[in-house]
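S.K.: Predicted model follows, preceded by the sequence.
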Amino acid sequence: MNYDAIVIGAGANGLATAHYLARAGKRVLVVEQHQTADPSADIGWVPDAVIRDLGLTGAGLRIETPDPWITAPLPAGGTLELSRDLGRSVEALRRISPADAAKWPEFCERMRTLASVLERLYLVPPPDIESTDVRELARIAGLGLYVRRRGKQIVIDLARILPMSIAELLDDWFESAVLKGLLGALGIWHLKQGPRSGGTAFNFLHHHAGSPAGVFRPPRSNVTQALVGMKGVEVRRGARASVLAKNGRATGVVLEKSGDAILAPLVVSSADPRSTLQPVAIELDPDFSRAVSNIRARGIVARGSLALGSTPYATLCIAPSLDYLERAYDDAKYGRDSASPYVEVQRTDGRVEVHVQYVPPGTHGDLAQRVAGILKIQPNQVQLQPAAESLYHGELTLDQILFMRPVPGWSRYRTPIEGLYLCGSGTHPGGGIPGAAGRNAAREIL
Amino acid sequence: MKQYDAIVIGGGHNGLVTAAYLARAGKSVLVLERRPRVGGAAVTEEIFPGFKFTMFSYVVSLLRPEIIRDLDLPRHGLHILPLESTVTPMENGDYFAAWGDHDETRRELYRHSPRDAEAYDEYGRLMHFMAQAVKPILGMVPPDPTSFAPSDLAGLLKLGKHFRGLGAERLHALVKLMTMSSADFLDEWFETDVLKATKSASGIIGTFLGPRSPGTAYVLLHHYMGELDGVFRAWGFAKGGTGAVSESIASAARSFGAEIRCDAGVAKVLVRNGRATGVVLENGDELLAKTVVSSLDPRRTFLQLLESDQLPSDFVSDIKRFKFRGSSGKVNIALDALPSFTCMPGIGRQHRGAFSISPSLEYVERAYDDAKYGEFSRRPYMDIVFPSMIDPGMAPPGKHVMSIFVQYAPYHLNGGWSDAKREAFGDAVVNTVESFAPGFKSHILHRQVITPLDIERITGLSEGNIFAGELALHQLFFLRPAPGWAKFATPVRGYYQAGSGTHPGGGIMGASGRLAAMRILKDGV
């Protein structure tokens, strides 16, 4: 069988690319190293364009919209619950801080406006600031004008807030430690930075993209499962594939166990840029290789599941203050698991999943016991898989986004190897937006 | 009553530069300084008989060459003596040394890592180039990207062209420098920890950030922009201390006809019908002027010298939000003999340069951790120099002065600063030095410990921030000190700002003072 394209990885981005290519008439093979699909939920905004283009609703896509979207224990007992309805959140906040309650609607509106700018940037390739092409320059000017037309304040907010730390941003607005803790957690999500590190306000807005005003947790969905169930592409599971290239051109992939080569003129990888490019390093120039090896993608999160029948909440956040998060980060800075980690429990589709941060690579000793202790459950109810590398294939810091992602100058999903493209979360717009990179890459390829 | 063309509030180096440029253009100018001597944070004082100290800032490098030229400062006594080396003692008794002789530094680095010795030249070239690329921005009034005024659009276009002209590789390096932590940035180049620690230290100076905090790579570059006689990255002492820099600018200003009055603190700026008309002194005297210029930091310029109803409320909240968070202290010591460091025993040429107490990245990062939670660093980062080794006039014959810049000492210390806390901080500094130079303590004749609170009380810099406002990305360029008001004018007509709290910011640079003067002259006094 001859293929026009081989896609490496059957995650949301790989499958999205594959289906876009298939719809354009290409014969596509997807190779996936894992035998069975990961049952855990996809976390993040699935852009409407992807849902529409690929007909995901008909394929059984379910997006959860838990309400209240977060529950956080209060130090004096009881919980703070924030709802999708701004008014109800204001009521809940009033019980812990009238001042914060009063500012909540305006804060939510300002953040929503800023996130909407990111949403617009995320569904197109990043602006190429070095380009001399008139069309690209016109496109950049158009983006600039779009932002500027939305008002002066948004330009100021973008310039001021994006490089800020989430702690500074939240200290500007709020006084309640619990509120700042649960919002601050989104700023450090999947990042080896603490809430007092610059750029975490950007990370916060990144993860707000796609959510309505006043909801600061990305939606959860079954988008990968929906894509797996769709017809139109062939998926071969249980074999890890490496790129084959010759004379600067991609020629196909080789399967690791069997050694079988499958040839195709186009190879698209949703695996992380470093492991994709490593087997063909000999074809790359040293500067590019150095840039790839410099991608910061440090593992810092353990995800897993809890053996609990159900929970009284949809999302439980254990991040009682910004200082709590900062101290959790201090441990990771020196290579240790957080003594008191940030823990978030998410109930999805009958499963109970958990996110634990910071968990740098190393030995994790009594991590499960500590998490169990924090959640007041038994250690054998906690199953955790610490990630050796960033689950986003590259941390979302200001020097690794837009035209700097995955490496400076190569943000258009291409690589120096002709016929080899990238489409995973290591590319623009990055992790936490399943399908967006896949869609952008496919459109760039086509 | 005499009406001056301009009254400049504050006789620090920026205020003096503004005054000198205005006077040079033929304006009648009066400088008002609260303290008995000019200089602000750039002063030399004889704290103990016979021992002269550069109380606060202690090295010179960033002073703009065009100012030295325009004001003919060497004729007014400016004489800069080069500071040649930096030695970093390590915890294991070894050291890392960067010497004035480039080849010697490379040989030294080779001892630690041949790979780093190779990368060192390339890194140096890149930073040199980046500093040159950013230099034009230091001399430019920041265009306002929120404005549709033709001059702003033209400025933005010019800026865009300038950056695109750098070429892809350098443009990417610039983005990295603007956004990364100095530790991450240096990790891309080097493997020797002590080298990275010492280099990253210049990225934390004056900030409330650690070497692993994003944003510190910019401060690294800011300190790379130093230029003496056209040589980049050259640091030096002014003969007679940094006070001599201030004195030379004051002398230049006087030679152009400016009047400088010390012991004349300003209480309020007089505003009539939305226009500044003069100032009221602390003693109640009123002085009139067509233009009033404040070289104080933004908090004092707007929130202390004006009434809040004289300013738009959005602007007041922007200024209130402007961050200071002083993080550094200074310990000045009179010595009867120079200390010998374990890593390089004896007294020698190493004492003619700096000692950097930054043995590892983890050491500096832990020093920051203490400050993050409101304590001074138990084992702080320090930059130590012996000015009397280079300028013998600073101490009596055979004796020495030692200047220790210390970080971190947070302004907002848990429980607040007290005399006991100040001494405890001084002890932490002295004991840490002692651990690298045993016997050092026995040579101490006197010591003066300066906390951020002392810096604020003596110089007036809010929260003791040595840059008159943190050099954080969101407080630079068109956001310094507030969006829409980064061009030296203020919402009050006839009232201007000229201090380090405006673009391009701190260090003994003088660029803010110069740009402010040009703006005032352009507006017509």
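M.R.: Received, thanks.
S.K.: Going by C-alpha atoms from here, please, whenever you check contacts or count neighbours.
M.R.: Noted.
S.K.: interface residues of chain B facing chain A?
M.R.: B:145-147, B:164, B:167-168, B:172, B:175-176, B:179-180, B:188, B:209, B:213-215, B:321, B:362, B:369, B:473-475, B:479, B:483 (C-alpha under 8 Å from any C-alpha of the partner chain).
S.K.: Please convert the buried members of these into PyMOL selection syntax.
M.R.: Selecting just the buried residues from these in PyMOL takes one command, with 16 or more other C-alpha atoms under 10 Å in any protein chain shown as the test:
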select buried, chain B and resi 145+146+164+168+172+175+176+179+180+209+213+214+215+362+369+473+474+475+479+483
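S.K.: Please flag which of the residues of chain B next to chain A sit within strands.
M.R.: In strands, judged by DSSP state E, none of the residues of chain B next to chain A are found.
S.K.: List the ones among the residues of chain B next to chain A that fall in helices.
M.R.: Filtering the residues of chain B next to chain A for membership in helices, criterion DSSP state H, returns B:Arg164, B:Ala168, B:His172, B:Val175, B:Lys176, B:Thr179, B:Arg321, B:Glu362, B:Asp369.
S.K.: now those as CSV including distance to B:Ala6 and pLDDT?
M.R.: As requested, these are exported to CSV (distance: C-alpha to C-alpha, whole Å; pLDDT from 0 to 100):
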residue, distance to B:Ala6, pLDDT
B:Arg164, 40, 82
B:Ala168, 45, 85
B:His172, 43, 90
B:Val175, 40, 90
B:Lys176, 42, 92
B:Thr179, 39, 92
B:Arg321, 29, 92
B:Glu362, 50, 96
B:Asp369, 46, 97
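S.K.: Columns distance to A:Arg84 on top of these, output as CSV?
M.R.: Compiled in CSV, those are given as follows (distance: C-alpha to C-alpha, whole Å):
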residue, distance to A:Arg84
B:Arg164, 44
B:Ala168, 44
B:His172, 40
B:Val175, 37
B:Lys176, 38
B:Thr179, 34
B:Arg321, 30
B:Glu362, 43
B:Asp369, 37
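S.K.: Regarding chain B, what is its longest helix?
M.R.: Assignment by DSSP H; longest helix in chain B turns out to be helix B:114-138.
S.K.: separation between the closest residue to A:Arg23 other than its chain neighbours and chain B?
M.R.: The shortest distance from A:Arg23 to any non-neighbouring residue, by C-alpha to C-alpha, 6 or more residues apart in numbering or on different chains, is to A:Gly232 (7.9 Å). Going from A:Gly232 to chain B by C-alpha to the nearest C-alpha, to the nearest Å gives 40 Å.
S.K.: Now for A:Gly232: which residues touch it?
M.R.: Taking C-alpha atoms under 8 Å, 6 or more residues apart in numbering or on different chains as the contact definition, A:Gly232 lies against A:His19, A:Ala22, A:Arg23.
S.K.: what secondary structure does it sit in?
M.R.: Three-state secondary structure (criterion: DSSP: H, G, I helix; E, B strand; the rest coil) places A:Gly232 in coil.
S.K.: do A:Pro163 as well
M.R.: Judged by three-state DSSP, the three-state class of A:Pro163 is coil.
S.K.: Once you drop chain neighbours, what's closest to it?
M.R.: A:Gly199 (4.5 Å).
S.K.: didn't that neighbour look like it was pressed against A:Gln400?
M.R.: No. Contact between A:Gly199 and A:Gln400 fails when scored by C-alpha atoms under 8 Å: they sit 10.9 Å apart.
S.K.: Look at the two and report which has more neighbours.
M.R.: In this view A:Gly199 and A:Gln400 are compared by other C-alpha atoms under 10 Å in any protein chain shown, and A:Gly199 has more residues nearby, 28 against 24.
S.K.: Ramachandran angles for that one?
M.R.: For A:Gly199, the backbone dihedrals (degrees, to the nearest 10) come out as phi 90, psi -10.
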